[in-house]
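Student: model the structure of this input:
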Amino acid sequence: MRFILVRHVQTLANKENRIYGRLDSEFTKKGYVQLEWLKRELACEQVDAVFSSPRPRALSVAKEVCEALQLGTEDIQVRSELSEMDFGIFEGLTYEEAMERHPVEWESYCESYRNYKIPEGESFSEFEERIEGFIESLEDEDITALIVTHGGVVQSIMTRLLGLGPDERWHFRVRPASIVEIETAQGYGILNRLVWPREEK
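Tutor: Residues are numbered from 1 along each chain as shown. All right, here's what the predicted structure looks like:
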């Protein structure tokens with residue numbers, strides 16, 4: 001199977017280094033430039049299925065990419081499992097604001113980020129479980145799947161497909177508008193591509 005993983009383009013929250021998963025944020029000017037790059041970069045791909053997070057910042061990119069691929073938006077399979085992690089009480093805050101407003105919870109999260117369930121949100125382990133469920137739903141397929149989602153989701157899918165542990169995710173920098181291509185055969189994954197638009201001068 002061939003996976004083409006796409007992270008949504010830059011948003012204002014990305015630019016301001018805010019923590020957000022369930023919340024949404026508008027694209028920046030740079031984000032719209034990245035969107036055009038994504039459409040050009042993916043226009044010649046042959047894909048059998050398109051999946052997207054339901055979050056507007058990802059779904060809107062999926063729709064634009066489908067247009068570039070001459071596919072209808074009705075071809076997009078929206079999957080809730082592809083949503084970014086829900087950061088609960090930290091949503092919308094910068095890291096500094098989270099530390100100041102919720103010092104006890106922030107310390108607990110930093111000490112055990114995999115198992116600590118963020119108040120009003122979820123734990124990293126719960127997040128990983130739903131990503132695992134999505135991947136398992138495709139394991140018997142022999143297709144090229146285009147998946148438009150979020151940075152954390154892309155990292156989780158990468159480590160799972162490449163046979164790495166969850167903590168190995170930090171070795172991969174997945175910038176906004178990144179494209180990751182992984183091929184799998186008999187449970188073995190090969191990273192073929194990890195690219196993103198050139199930074200503006």
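Student: centre of the chain to whichever strand or helix holds Leu146, how far?
Tutor: Taking DSSP states H and E as the criterion, Leu146 maps to strand 144-149. Centroid separation for strand 144-149 versus its chain: 10 Å, with CA atoms, centre = their mean, to the nearest Å.
Student: got the CA positions of the following helix or strand past that strand in PDB?
Tutor: Next helix or strand after strand 144-149 toward the C-terminus (DSSP H and E): helix 151-161. Below are the C-alpha coordinates for helix 151-161, written out as PDB (Å, rounded to 0.1, in the frame of the first residue of the first chain):
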ATOM      1  CA  GLY A 151       1.100  17.400  12.100                       C
ATOM      2  CA  GLY A 152       0.700  15.200  15.100                       C
ATOM      3  CA  VAL A 153      -1.400  12.700  13.100                       C
ATOM      4  CA  VAL A 154       1.200  12.500  10.300                       C
ATOM      5  CA  GLN A 155       3.900  11.800  12.900                       C
ATOM      6  CA  SER A 156       1.900   9.100  14.500                       C
ATOM      7  CA  ILE A 157       1.100   7.400  11.200                       C
ATOM      8  CA  MET A 158       4.700   7.700  10.200                       C
ATOM      9  CA  THR A 159       6.100   6.000  13.300                       C
ATOM     10  CA  ARG A 160       3.400   3.200  13.100                       C
ATOM     11  CA  LEU A 161       4.100   2.400   9.400                       C
END
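Student: could you give the angle of helix 151-161 to strand 144-149?
Tutor: 140 degrees (axes from the mean of the first three to the mean of the last three CA atoms, to 10 degrees).
Student: list the buried ones in stretch 191-201?
Tutor: Residues of stretch 191-201 classed as buried: Leu194, Trp196, Pro197 (neighbour count, 16 or more other CB atoms under 10 Å). C-beta coordinates here come from the backbone N, C-alpha and C atoms, glycine included.
Student: just stretch 18-34 next, same as before
Tutor: 18-23, 25, 27-28, 30-31, 33-34.
Student: in the residues you listed, find the pair that's most separated.
Tutor: Arg22 and Val33 (26.3 Å; CB to CB).
Student: how about the helix or strand where Ser125 lies: buried residues?
Tutor: For Ser125, the host element (DSSP H and E) is helix 124-136. Neighbour-count burial for helix 124-136, counted by 16+ other CB under 10 Å, picks out Phe124, Phe127, Glu128, Arg130, Ile131, Phe134, Ile135.
Student: format the residues you listed as a markdown table; extra columns: distance to Ala68 and pLDDT.
Tutor: What follows is those, written out as a markdown table (distance: CB to CB, whole Å; pLDDT from 0 to 100):
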| residue | distance to Ala68 | pLDDT |
| --- | --- | --- |
| Phe124 | 33 | 96 |
| Phe127 | 30 | 97 |
| Glu128 | 31 | 97 |
| Arg130 | 28 | 97 |
| Ile131 | 26 | 97 |
| Phe134 | 24 | 97 |
| Ile135 | 25 | 96 |
